[in-house]
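**Student:** have a look at this fold, sequence not included:
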């Protein structure tokens, strides 16, 4: 009982350390460097401590200091309570998804089965979808409670965009579900030990549609009409400053990690290395004993998993700095007239193929 | 242990449900309703009905209430705004109807409480509430109601499109 509790706590701490402690701050730096690279600039190298710039990494500290010390401004006529809780409502779903994300397989450590997932829900895939749909509220309430027309327009765009792309996302998930026959993310991950069972081969269309829909859900360029700087000042977070603004910012970066993790599990073989089964890996390190070899394989798998997540984050950044912003009507057209019929067709074809193979 | 989770959840739900009724800003009511639905999902989980709980969140909290919020924002209803649709006469009629409904529900609940024995908890099979189990039940024992419901939803969808279309043209 106590051991199980400790293991769960360690897993939760690990996830927090990786997302909030590592990815969120480092990604702000990576994004600056990446944009500089793509626009042929040097970029992010002004913050220095005694003349050392350390590749611009001190900007992370400068950012944090700025956000903590800025005035926390609530506009006149704003709903104080809602204005304050909405950044929290936006940030929590991004983190909560990690409760069902397996970042490794099952390992025997000290005669104990350790499953590298915080909560192995029977309805894991649906849980991810449910949490994603709750994320809308943070942004909607933020715009509504600010008592500002730009904010309101921004949050209305957010609401309509997120509702539209949730439909595609849900229907794509159904395709994945039909192929693997399970809603448990751990089972979906385990099936992909076989390289040819990776989701990207079984559901190529689903892969592209899920990526598109999740970028739209995260409201990043090319889908950032809700915060379009050139039209709406800053959209739903126009009236936010200091740490509250920082939380919206953090939510966006953590959601990038979440998207990467979910895409890795559903489409890119989760924690597996192509053509290398866990049994083979274990046999390589047999000389270390059961616990030793399991430990080494566990570390390799967690490393592989996060390497794939980093790949997806980088992909999202390249997309962000390559494409211009879509117009609002183009976003709606893409969602309802192209992606929705395609995702329905995807389900139909998947069903027919499964029927034919059986 | 179960009661320790149940009572706070139930209290949370009741407080927020009252919040829906007594809040005089539409957005506040909607937000209370969302919270209430999340609490209700928690109670479903307590009853081992994980699938229903998740569906409750996806459909009610995630989809329907987002649309409600969207409409409230679209009309930009503010606190104390025009609530003229509650005229006194209609209010009386609505009150009587709601009262009758409430009495009916309470009667039914009291019937269950006083006539059934509640001291022995039902023993649930291991597969209770799992996705596979619900799917199987839905497509074998309840396949007719399931299909009828889906046709009803389709009809509603077509109807909504037709209504919206005639207004646009």
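**Tutor:** Yes, it's here. Since the structure is predicted, the reported quantities are computational estimates derived from the model, not experimental observations.

**Student:** residue A:268 - how many residues pack around it?
**Tutor:** 19 (other C-beta atoms under 10 Å in any protein chain shown). Yep, even glycine has a C-beta here, placed from its N, CA and C like the rest.

**Student:** give the buried residues for the helix or strand where residue A:94 lies.
**Tutor:** Residue A:94 is part of helix A:80-96 when elements are defined by DSSP states H and E. The neighbour-count check on helix A:80-96 (16 or more other C-beta atoms under 10 Å in any protein chain shown) flags A:82-83, A:85-87, A:89-96 as buried.

**Student:** packing partners for it?
**Tutor:** Applying 3 or more C-beta pairs under 8 Å, 6 or more residues apart in numbering or on different chains; DSSP states H and E, we find helix A:80-96 packed against helix A:124-145, helix A:242-267.

**Student:** looking at those, which is nearest to chain B?
**Tutor:** Set against chain B and scored by C-beta to the nearest C-beta, those come closest in helix A:124-145, at 3.0 Å.

**Student:** next, the angle from the closest one to helix A:242-267.
**Tutor:** 150 degrees (axes from the mean of the first three to the mean of the last three C-alpha atoms, to 10 degrees).

**Student:** so how far is helix A:124-145 from its chain's centroid?
**Tutor:** Offset of helix A:124-145 from its chain centre (C-alpha atoms, centre = their mean, to the nearest Å): 13 Å.

**Student:** so which bits of stretch A:298-307 are buried?
**Tutor:** Those would be A:298, A:300, A:301, A:302, A:304, A:305, A:306, for stretch A:298-307 by 16+ other C-beta under 10 Å.

**Student:** how many other residues sit next to residue B:146?
**Tutor:** For residue B:146, using other C-beta under 10 Å, the count is 12.

**Student:** nearest residue to the middle of chain A?
**Tutor:** residue A:258 (2.1 Å; C-alpha atoms, centre = their mean).

**Student:** now do the same end-to-end measure for stretch A:74-84.
**Tutor:** By C-alpha to C-alpha, to the nearest Å, the extent of stretch A:74-84 from end to end equals 9 Å.

**Student:** give me the contacts around that stretch.
**Tutor:** A:141, A:142, A:144, A:145, A:146, A:147, A:148, A:239, A:244, B:27, B:31 (C-beta atoms under 8 Å, 6 or more residues apart in numbering or on different chains).

**Student:** isn't the last one right up against residue A:141?
**Tutor:** Yes. In terms of C-beta atoms under 8 Å, residue B:31 counts as a neighbour of residue A:141; the distance is 7.0 Å.

**Student:** more neighbours: these two, which one.
**Tutor:** For the pair residue B:31 and residue A:141, the greater number of neighbours falls to residue B:31 (29 against 26), based on other C-beta under 10 Å.

**Student:** can you read off the pLDDT for the more buried one?
**Tutor:** pLDDT recorded at residue B:31 is 85.

**Student:** and it, what is it in contact with?
**Tutor:** A:82, A:137, A:141, B:69.

**Student:** returning to what we had before: deepest of the helices and strands packed on helix A:80-96, which one?
**Tutor:** helix A:124-145 (a mean of 26; mean count of other C-beta atoms under 10 Å in any protein chain shown).

**Student:** who in the stretch 51-200 of chain A is up against chain B?
**Tutor:** By C-beta under 8 Å from any C-beta of the partner chain, the part of the stretch 51-200 of chain A that sits against chain B consists of A:79, A:82, A:121-123, A:126-127, A:129-130, A:133-134, A:136-137, A:140-141, A:143-144, A:152, A:155-156, A:159-160, A:162-163, A:166, A:170, A:183.

**Student:** at 6 Å what do you get?
**Tutor:** A:122-123, A:126-127, A:130, A:133-134, A:136, A:140, A:144, A:156, A:159, A:163, A:183 (C-beta under 6 Å from any C-beta of the partner chain).

**Student:** please apply the same query to the stretch 251-358 of chain A.
**Tutor:** Counting by C-beta under 6 Å from any C-beta, no residue of the stretch 251-358 of chain A is near chain B.

**Student:** show me where the stretch 251-358 of chain A has its helices.
**Tutor:** Applying DSSP state H, counting those that start in this stretch to the stretch 251-358 of chain A gives helices spanning A:278-284, A:289-322, A:328-333, A:340-357.

**Student:** next one: chain B
**Tutor:** If DSSP state H is used as the criterion, the helices of chain B fall at B:2-22, B:26-46, B:50-55, B:65-74, B:88-115, B:131-140, B:143-168.

**Student:** need those in JSON lines with distance to residue A:248, can you?
**Tutor:** As requested, the helices of chain B are exported to JSON lines (distance: least, C-beta to C-beta, whole Å):
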{"stretch": "helix B:2-22", "distance to residue A:248": "25"}
{"stretch": "helix B:26-46", "distance to residue A:248": "19"}
{"stretch": "helix B:50-55", "distance to residue A:248": "26"}
{"stretch": "helix B:65-74", "distance to residue A:248": "18"}
{"stretch": "helix B:88-115", "distance to residue A:248": "41"}
{"stretch": "helix B:131-140", "distance to residue A:248": "34"}
{"stretch": "helix B:143-168", "distance to residue A:248": "33"}
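
**Student:** which stretch among the ones you listed comes nearest residue A:283?
**Tutor:** Residue A:283 sits nearest to helix B:131-140 of all the helices of chain B, at 34.0 Å, using C-beta to C-beta.

**Student:** contacting residues around the closest one?
**Tutor:** Applying C-beta atoms under 6 Å, 6 or more residues apart in numbering or on different chains, the contact partners of helix B:131-140 are A:123, A:183, B:51, B:127, B:146.

**Student:** redo the residues you listed as TSV? Include pLDDT.
**Tutor:** Putting the contacts of helix B:131-140 into TSV (pLDDT from 0 to 100) gives the following:
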residue	pLDDT
A:123	82
A:183	84
B:51	84
B:127	69
B:146	89
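
**Student:** show the buried residues in these.
**Tutor:** Buried among these by 16+ other C-beta under 10 Å: A:123, A:183, B:51.

**Student:** circling back: which of the buried residues of helix A:80-96 scores worst on pLDDT?
**Tutor:** The member of the buried residues of helix A:80-96 with the lowest pLDDT is residue A:82, at 82.

**Student:** ok and the residue in the stretch 201-350 of chain A nearest chain B?
**Tutor:** residue A:236 (11.0 Å).

**Student:** that residue touches residue A:144, doesn't it?
**Tutor:** No. The pair residue A:236 / residue A:144 is not scored as a contact, 8.8 Å apart, by C-beta atoms under 6 Å.

**Student:** can you map out the strands along the stretch 51-200 of chain A?
**Tutor:** Ranges of strands in the stretch 51-200 of chain A, per DSSP state E, counting those that start in this stretch, are A:106-109, A:112-115.

**Student:** just to revisit the earlier point, please name the residues that touch the residue nearest to the centre of chain A.
**Tutor:** Residue A:258 sits in contact with A:94, A:97, where contact means C-beta under 6 Å, 6+ apart.

**Student:** residue A:159 now?
**Tutor:** Residue A:159 neighbours (C-beta under 6 Å, 6+ apart): A:140, B:70.

**Student:** one step back: what about the residue of the stretch 201-350 of chain A closest to chain B, neighbour count?
**Tutor:** Counted with other C-beta under 10 Å, residue A:236 comes out at 32.

**Student:** cool, and residue A:108?
**Tutor:** 15.

**Student:** skip the chain neighbours and tell me the closest residue to it.
**Tutor:** residue A:294 (5.2 Å; C-beta to C-beta, 6 or more residues apart in numbering or on different chains).

**Student:** for the helices of chain B, which one sits closest to residue A:230?
**Tutor:** helix B:65-74 (22.4 Å).

**Student:** measure how far that closest one is from the centre of its chain, please.
**Tutor:** 17 Å.

**Student:** hmm, it touching chain A?
**Tutor:** Yes. Residues of helix B:65-74 contacting chain A under C-beta under 6 Å from any C-beta: B:66, B:69, B:70, B:73.
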